[in-house]
Structures are given as structure tokens and as C-alpha cells.
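In: how does the following fold in three dimensions:
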Amino acid sequence: MSAGAGMPGATVTLGGLGAATAFTNSTGNYTFRGLANGDYAVSVTKPTYSCLPKKSSQTINGASLANVNFTATPSSTGL
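Out: All right, here's what the predicted structure looks like:
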């Protein structure tokens, strides 16, 4: 799963059947482990960035889910 190439330090939140939080690594990748089959919502946030989609609904079947990607663009700092 990726929050976008080169976007380290983004917070990825998992909700729905289970709740968890992960942080993206230096290449924008993140991992949630040990999830039961079911419906989840994945969202990503990073200060001063606008992330789309706001939330992605996903269904896990067979304990595998890949390619949940987000696009992030810098927000205006107002300076």
C-alpha cells in the first residue's frame, strides 16, 4: 500500500472492522498486519498536504490487500 512516492511521515488510519494507525516510510509505503477479512476504511493525513481520496473503502478477503494509493499535494502555508 502506498501513500505516494516520496511522502514519508504521513499518518494512515484504518477503521471499520478493525482500527489501527501506521506511518509511511521514506518511500511512502505503509503496512497493516494481521487483519481479519471484512470491510475497512483507509484514510491518510499529513500536515500542510491535501490528500485524495479522503477515505478509501476496501474489502479484505484472504488477508491480502494491495495498491491502496493516495495522492498528496502541498497545501498553501499562507506565507
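
In: hey, C-alpha coordinates of the top strand by length along the chain in CSV?
Out: If you go by DSSP state E, the chain has its longest strand at strand 38-45. Extracted in CSV, the C-alpha atoms of strand 38-45 (Å, rounded to 0.1, in the frame of the first residue of the first chain):
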residue,chain,number,x,y,z
GLY,A,38,-14.1,-7.7,6.2
ASP,A,39,-14.8,-4.1,5.3
TYR,A,40,-12.3,-1.3,6.2
ALA,A,41,-11.9,2.4,5.6
VAL,A,42,-8.4,3.7,4.9
SER,A,43,-7.5,7.4,5.1
VAL,A,44,-4.3,9.4,5.1
THR,A,45,-3.3,12.7,6.5
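
In: that one pairs with which strands, and in what direction?
Out: Each strand paired with strand 38-45, and its direction, by DSSP bridges: strand 11-16 (antiparallel), strand 56-60 (antiparallel).

In: right, and Gly28 touches Gly9 too?
Out: No - in this structure Gly28 lies outside contact range of Gly9 using CB atoms under 8 Å: 9.6 Å. Backbone N, C-alpha and C define where each C-beta goes, glycine included.

In: more crowded one of the two?
Out: Set Gly28 next to Gly9 and count neighbours by other CB atoms under 10 Å: Gly28 wins out with 20 against 12.

In: for Tyr49, what are its contacts?
Out: Met7, Ala10, Ala72, Thr73, Pro74, Ser75 (CB atoms under 8 Å, 6 or more residues apart in numbering).

In: count of neighbours near the last one?
Out: Other residues near Ser75 number 12, with proximity taken as other CB under 10 Å.

In: separate out the buried members of the contacts of Tyr49.
Out: Neighbour-count burial (16 or more other CB atoms under 10 Å) is assigned, among the contacts of Tyr49, to Met7, Ala10, Ala72.
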